[in-house]
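> Here's my sequence, what's the structure:
(chains A and B)
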There are 2 protein chains.
Amino acid sequence: MDSQQIESTVIEMARKAREAARHLGTLSTSVKNRILLATADLLLAERDSLARENARDLAAGREKGLSPAMLDRLELSDKVIDSMVRGLREVAALPDPVGEISDMKRRPSGITVGRMRVPLGVVGMIYESRPNVTIDAAALCLKAGNGVLLRGGSEAIHSNLALAAILQKALGEGGIDAAAIQVIPMKDREAVSVMLAQEEYIDVIIPRGGEGLIRFVTETSRIPVLKHYKGVCHLYVDESADLDMGVRIAMNGKVQRPGVCNALEGMLVHAAVAGDFLPLAARELMAAGVELRGCERSCRIVPEMVPATDTDWGTEFLDLIMAVRVVDDMDEAMAYIRQYGSRHTEVIVTGSYERSQRFLREVDASAVMINASSRFNDGGEFGLGAEIGISTTKLHAYGPMGLEELTTRKFVVYGDGEVRG
Amino acid sequence: MDSQQIESTVIEMARKAREAARHLGTLSTSVKNRILLATADLLLAERDSLARENARDLAAGREKGLSPAMLDRLELSDKVIDSMVRGLREVAALPDPVGEISDMKRRPSGITVGRMRVPLGVVGMIYESRPNVTIDAAALCLKAGNGVLLRGGSEAIHSNLALAAILQKALGEGGIDAAAIQVIPMKDREAVSVMLAQEEYIDVIIPRGGEGLIRFVTETSRIPVLKHYKGVCHLYVDESADLDMGVRIAMNGKVQRPGVCNALEGMLVHAAVAGDFLPLAARELMAAGVELRGCERSCRIVPEMVPATDTDWGTEFLDLIMAVRVVDDMDEAMAYIRQYGSRHTEVIVTGSYERSQRFLREVDASAVMINASSRFNDGGEFGLGAEIGISTTKLHAYGPMGLEELTTRKFVVYGDGEVRG
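I've put the predicted structure just below:
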């Protein structure tokens, strides 16, 4: 395809998605749920043909020299298919946010005003290798009444198209325009740029992937973007902390799944407890294979630490590495978080009521926690049901985004002939 | 000032606003209210010096050949000052949205999760001639805990700087960093472009003014923009409508204040009642000086109408002109609204329960109304207390934006040492 064909194809797909989305907003919950459950059944029934298409991507990936980790993420194993099926059934079971009317109030003029939850319209998803995002994102968008245009990684193209075919088959069986869910079939990056210019047809862009992808999307897009660049999360161990609790939360945040955005990347320890806490924490963390990169004071307490360099502060390691710094008080800890944090997740471990409340109020992050692991910053753990991403910008959504964040509220007015005086 | 000086000045102002805003989020309600009330008192006390600065703008405006309407909007008359004073006192009386925690829930993991309302950070306001926006916007931003960078029309520069001086004096008396509220002192349009590039320091841009300004801001900004381009609002008179009510709502929507965005620009009438309704409505509207531009069928019923041309459909007249069309049914009316509306305000007058509910659900606009005047789409009338603008895009806010829309919600977690399994 040449540039012009790519452009006209993507624009036409976006236009059709907008047209299809018009009807989605008024579908009954049971119709939407039927489509979600039918998709789950089709995934199970077409396991073999999915495996065939996925094998094409895997073979091409191997030829291209993708790392074992990337090939692993690309694979639609039975386990991954089962998790997509489970996800679809969970989304079907969630309450439907669309149509909910809240805050109904009678006004002095006589009119009654409320706010009705409605879909955003068309969502543009741009993501990297994992093909399961195709199903997970489509399910949430459909349940919230939105059309969705999906653009996965080029290395997963056959898998994504096979998944889209299943979704569209389920839509068709439900009597719904298949254009409601579409996967962009071109591998060219140009297709993404064209997509990001369709502000007439697409209401919001949600990118998921590495920082490079997200920066590209943010700088290119003329459509609002809901995103987070990275997760540089910190644990602050206060002077009044329960030290065993501090160790437990440090371990869980760093070791349980170091490659995710809500893992801990840095630890700040009040000087008054550093002498007691750091040896305890270091022993456990190091036994679990964590490399600790400490400030001067930390290294004096635990000489086994690696001296930190300037680039360690604020780095998203996504690995068994952690930056450690001793601070004189909570103000210094909060100043550090302001400078090096990414507004994702920040945790205090403290026994002080006053400092717990100050930390909660004053720290600016999508989730601020007292005495709990940063790993809880997740749509499922927070009770949103499922998440389509995490936002660290403040407009529209801040934190994990679930069904509600895929909707907006319009004002509705019930009158009896009132006019304005 | 040369380009480089403009750039460095605006960047430095934005940086200082961000720094000042950090503290605003944690101010107590009473401190913020004290500043608002002190500003009101200062406005009254400094009426004369304000009038002097305003006279400089008026003289320059007359010299530049501004229209009487524009000079009128520029004037800080006693009436305008009184309304700013009233506005400040009203905002002081509104409940403080910041710090409210809602949706607190205990999760199966043991943690308790809720959402705390927090300021957005720094708001960038870009507006045209009316200098009272300087006070109105600053008051709402301050109450919501935000810093604000204001850029008014160049013709109001002396008035705006005098108002800013009063605001900063009140901030200073309250012990607050005066950089929390700043007016950009340069007349150059370049200053706006620099402002729109400061995504590191400014969280949201709210433009208010003509469509040209808003398009410029939207296309230039790297910061999210909350905006509406225009208000092309319609009244649909259904076959089952109370015709007198239809006339009343048409008159109020078109005549009471034709130059505002929630005024009616078009009227759609069901064919079954057009023969009865249009003569009634036309008599009253024409008596009030309204020019009716009708479709062929409308003109056959009321020959005094001007035949509409294609450019009349969807035009924001902001004047005593109204486009009129006869439709065969509500579906045709809704299709017309989809094509020509601006997602601002849409009204149905009907006696049918079924159609009222369908219209409410299916019409996509920031406010959808049954049997009430479009003129009610307003923050004050809807009970938001005051409004900083109206959004017709769906991200973050849809409809009038009050204090709540100047905030966001972060997640807060209360734990007792919980970790993720």
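
> for the longest helix along chain A, which positions count as buried?
Criterion DSSP state H: the longest helix present in chain A is helix A:3-24. Judged by neighbour count using 16 or more other CB atoms under 10 Å in any protein chain shown, the buried positions of helix A:3-24 are A:6-7, A:9-11, A:13-14, A:16-18, A:20-22, A:24. Using the backbone N, CA and C atoms, a C-beta is placed for each residue, glycine as well.

> can you pull the alpha-carbon coordinates of it into CSV?
Only the C-alpha atoms of helix A:3-24 are listed here, as CSV (Å, rounded to 0.1, in the frame of the first residue of the first chain):
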residue,chain,number,x,y,z
SER,A,3,0.8,6.5,1.6
GLN,A,4,-2.4,7.6,0.0
GLN,A,5,-4.0,4.2,0.2
ILE,A,6,-3.0,3.9,3.9
GLU,A,7,-4.5,7.3,4.6
SER,A,8,-7.8,6.7,2.8
THR,A,9,-8.1,3.2,4.4
VAL,A,10,-7.5,4.4,7.9
ILE,A,11,-9.8,7.4,7.5
GLU,A,12,-12.6,5.2,6.1
MET,A,13,-12.2,2.8,9.0
ALA,A,14,-12.4,5.6,11.5
ARG,A,15,-15.5,7.1,9.8
LYS,A,16,-17.2,3.7,9.9
ALA,A,17,-16.3,3.3,13.6
ARG,A,18,-17.9,6.6,14.4
GLU,A,19,-21.1,5.6,12.5
ALA,A,20,-21.2,2.2,14.2
ALA,A,21,-20.6,3.9,17.6
ARG,A,22,-23.8,6.0,17.3
HIS,A,23,-25.9,2.8,17.8
LEU,A,24,-23.7,1.3,20.6
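
> Surely residue A:303 is in a helix?
No - using DSSP: H, G, I helix; E, B strand; the rest coil, the assignment for residue A:303 is coil, not a helix.

> The lengthiest strand in chain A pairs with which strands, parallel or anti?
For chain A, the strand reaching the highest residue count under DSSP state E is reported as strand A:407-418. According to DSSP bridges, strand A:407-418 has the following sheet partners: strand A:112-119 (antiparallel), strand B:367-372 (parallel).

> Name the stretch among those strands that sits most buried.
Ranked by mean neighbour count, the strands paired with strand A:407-418 are led by strand B:367-372 with a mean of 26 (mean count of other CB atoms under 10 Å in any protein chain shown).

> which parts of the next helix or strand after that one are buried?
Sequence order places helix B:379-382 as the next helix or strand after strand B:367-372, per DSSP states H and E. Across helix B:379-382, burial judged by 16+ other CB under 10 Å covers B:379, B:381-382.

> can you list the residues of the stretch 151-300 of chain A near chain B?
Taking CB under 8 Å from any CB of the partner chain, the part of the stretch 151-300 of chain A that reaches chain B is made up of A:203-204, A:219, A:222, A:224, A:226, A:242, A:245, A:248-249, A:251-252, A:256.

> Most neighbours among those, which one is it?
residue A:249 (30 neighbours; other CB atoms under 10 Å in any protein chain shown).

> one step back: among the buried residues of helix B:379-382, which ones lie close to chain A?
Contacts with chain A within the buried residues of helix B:379-382, as defined by CB under 8 Å from any CB: B:381-382.

> Which residues of the stretch 1-150 of chain A lie near chain B?
So the stretch 1-150 of chain A meets chain B at A:22, A:25-26, A:99, A:105, A:107, A:109, A:111, A:113, A:116, A:118, A:120-121 (CB under 8 Å from any CB).

> Could you rerun that using 6 Å?
Residues of the stretch 1-150 of chain A found near chain B (CB under 6 Å from any CB of the partner chain) are A:26, A:105, A:107, A:111, A:113, A:120.

> Remind me which helix or strand residue A:150 belongs to.
Going by DSSP H and E, residue A:150 is in strand A:147-151.

> got it, and residue A:42?
Counting by DSSP H and E, the element that carries residue A:42 is helix A:29-45.

> angle of whichever helix or strand comes after that helix against helix A:29-45?
Counting by DSSP H and E, the next helix or strand C-terminal to helix A:29-45 is helix A:47-64. Inter-element angle recorded for helix A:47-64 and helix A:29-45: 70 degrees (by axes from the mean of the first three to the mean of the last three CA atoms, to 10 degrees).

> Could you pick out the residues of the stretch 301-421 of chain A near chain B for me?
A:360-362, A:366-373, A:375-376, A:382-383, A:394-396, A:398-399, A:408, A:410-420.

> For the helix holding residue A:42, enumerate the helices and strands it packs against.
Packing partners of helix A:29-45 (3 or more CB pairs under 6 Å, 6 or more residues apart in numbering or on different chains; DSSP states H and E): helix A:78-93, helix A:132-143, helix A:157-173.

> Could you dump these into CSV and include mean pLDDT?
As requested, the helices and strands packed on helix A:29-45 are exported to CSV (pLDDT from 0 to 100):
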stretch, mean pLDDT
helix A:78-93, 95
helix A:132-143, 96
helix A:157-173, 97
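
> Single out the most deeply packed of these.
helix A:132-143 (a mean of 26).

> roughly how far out does it sit from the chain middle?
From the chain centre to the centre of helix A:132-143 is a distance of 13 Å (CA atoms, centre = their mean, to the nearest Å).

> Who are the packing partners of that helix?
Under the contact definition 3+ CB pairs under 6 Å, 6+ apart, helix A:132-143 sits against helix A:29-45, helix A:78-93, strand A:122-127, strand A:147-151, helix A:157-173.

> Helices of the stretch 201-350 of chain A, start to end?
A:211-220, A:243-255, A:271-287, A:296-301, A:330-340 (DSSP state H, counting those that start in this stretch).

> Three-state assignment for the closest residue to residue A:224 other than its chain neighbours, please.
Spatially, and ignoring its direct neighbours in sequence, residue A:224 is nearest to residue B:395 (4.6 Å; CB to CB, 6 or more residues apart in numbering or on different chains). Look at residue B:395: counting by three-state DSSP, its state is coil.

> in stretch A:202-214, what's buried?
For stretch A:202-214, by 16+ other CB under 10 Å, it's A:202-209, A:213-214.

> Pick out the lowest-pLDDT one from those residues.
Ranked by pLDDT, the buried residues of stretch A:202-214 bottom out at residue A:209, which scores 87.

> Roughly how far does that residue sit from residue B:208?
Going from residue A:209 to residue B:208 by CB to CB, to the nearest Å gives 36 Å.

> How about residue A:308?
Using CB to CB, we find residue A:308 at a distance of 48 Å from residue B:208.

> same check, this time on residue A:419
Taking CB to CB as the measure, residue A:419 falls 26 Å from residue B:208.

> Next, the contact list for the residue in the stretch 201-350 of chain A positioned nearest to chain B, please.
Going by CB to the nearest CB, chain B is nearest to residue A:252 of the stretch 201-350 of chain A, at 3.5 Å. Residues near residue A:252 by CB atoms under 6 Å, 6 or more residues apart in numbering or on different chains: A:373, A:375, B:419-420.

> Before I go, just wanted to say thanks for your time.
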